[in-house]
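>>> Got a predicted model here, sequence first, then my questions.
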Amino acid sequence: MRTDLFDFELPPERIALRPASPRESARLLVVQGGGVLRDGAIADLPDWLAAGDQLVVNDTKVIAAQLKGRRIGRETEPKIEATLIKRLDGSRWQALVKPAKKLIAGDRIRFGNEGKVCLLGHLDAEVEAKGAEGEVTLSFSFHGPTLDQAIADVGSPPLPPYIASKRTPDDQDLADYQTMFAVNEGAVAAPTAGLHFTPALEQALSDRGVGINRITLHVGAGTFLPVKVDDTKGHKMHAEWGTISAETAERLNTARQNGGRIIAVGTTSLRLLESAASEDGTIQPFAAETSIFITPGYRFRAVDILMTNFHLPKSTLFMLVSAFAGLETMQRAYAHAIAEGYRFYSYGDACLLFRARY
């Protein structure tokens, strides 16, 4: 499909720079079959669900993937910024760096700055290889848990550029950019639909008889990048690691057999569930990478309802929600959200999408 079909104009003031407080006070746009739109709040979520329904949340935890340092070992020592995007093994990461033109294979980068140096000393990495569009392979001087701790000490949360370009990330983001479900470290971007949940909302869902199930997809930065090709066929998704336990798969399959619906909290949960589903919709245990790219025409097998934030124009995520609820429906929904003052993107409001039936 043509990429420009998924474009829209968003006034800059609609981009949320801080989350709602409390989190469940954020707004919720409900998009039902036939494109019926209803305005509400996150706190209303239990009212839209029924006993036996199963929510599926992503329990990945965002690491401090934004690193600042300088190139060392040559005449000049230019500043270098790196965003870790994918772990390769115990000591190596793929990263996006800038300015990439200042680096060649074999260069050494020393991360850490005055006032923020890891307890183990400066964190050094060698540029093992360079790829396209600023991507490099970094081989760090530490390994395993020691490297993880060093990254946590030196790094900072990798806030999306549409927030970081408008204000300086601060300590409040350490809490704000993490869901209440976060336990498994490995994401470099938050599964943002999960940011709306609080213990109070979790209790209200439980009282309603709705189950909450945890799966893990380590979100990579590539998920949120705009599609730069003219046709979606030419876009290549970054692979991300995900896991669904046998117990969780069995619980979801049993609930569906008994008439319960599967509600994915976030596009990351949906992509993992669809990656793990067989043709008849049965969810299989899963432990692998997925690079599934969902566009209109895709036949959904596992997910009945999707709760998700409002996404960037021409992004793979807006393409996904258009596949789920219908392109024209989502175009109308986003126009309504913009006109009614909904807040967009990671710290913004959410929508609850009921799957279109074709």
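Sure thing, it's come through. Given the structure is predicted, the values throughout are model-derived calculations rather than measurements.
>>> Leaving aside the residues adjacent along the chain, what's closest to the residue most central in space within the chain?
The centroid of the chain falls nearest to P191 when counting by CA atoms, centre = their mean (3.7 Å). Leaving aside its sequence neighbours, P191 sits nearest to N58 (CB to CB, 6 or more residues apart in numbering; 4.0 Å). Glycine gets a C-beta too; all of them are placed from N, C-alpha and C.
>>> And the one you found, what's its pLDDT?
Note on N58: pLDDT of 98.
>>> Over to G134?
On the pLDDT scale, G134 gets 86.
>>> Next: A193.
The model's pLDDT for A193 equals 97.
>>> likewise F6?
pLDDT, read off for F6, is 93.
>>> Now that Y177 has come up, it's in contact with A187, right?
No - at 10.2 Å, Y177 does not count as touching A187 under the criterion of CB atoms under 8 Å.
>>> Quick check: neighbours shared by the two?
Listed as contacting both Y177 and A187 by CB atoms under 8 Å, 6 or more residues apart in numbering are V62.
>>> Test my guess that A350 contacts A26.
Yes - contact criterion CB under 8 Å: A350 and A26 qualify, at 6.3 Å.
>>> Counting neighbours, go ahead and name the busier of the two.
When A350 and A26 are compared for neighbours, A350 comes out ahead with 25 against 22, by other CB atoms under 10 Å.
>>> Is the more buried one bridged to anything, and to what?
A350 has the following beta-bridge partners by DSSP bridges: L28, N309.
>>> Could you pull out the helices in the stretch 1-150 of the chain for me?
Here the stretch 1-150 of the chain has its helices, by DSSP state H, counting those that start in this stretch, at 144-154.
>>> Where does pLDDT dip in it?
Residue ranges of the stretch 1-150 of the chain with pLDDT under 70: 113-121.
>>> Please enumerate the strands of it.
27-31, 37-41, 54-58, 60-62, 66-72, 79-87, 92-98, 108-111, 123-130, 135-140 (DSSP state E, counting those that start in this stretch).
>>> if I pick the spatially closest residue to H218 that is not a sequence neighbour, what's in contact with it?
Leaving out its chain neighbours, the residue that sits closest to H218 by CB to CB, 6+ apart is G186, at 3.6 Å. Residues in contact with G186 (CB under 8 Å, 6+ apart) are T60, K61, I63, R87, T216, H218, W241.
>>> who's in contact with the first one?
The neighbourhood of T60, defined by CB under 8 Å, 6+ apart, consists of A182, N184, E185, G186, A187, P191, T216, L217, H218, V219, T268.
>>> now the fifth one
The neighbourhood of T216, defined by CB under 8 Å, 6+ apart, consists of N58, D59, T60, N184, G186, G242, T243.
>>> Which strand residues bridge the first one?
Going back to what we said before, that points to N58. Beta-bridge partners for N58, by DSSP bridges, are I215.
>>> contacting residues for it?
179, 181, 191, 194, 214-217, 219, 265-266, 268-269, 272.
>>> List phi and psi for the residue nearest to H218.
phi 160, psi -10 (degrees, to the nearest 10).
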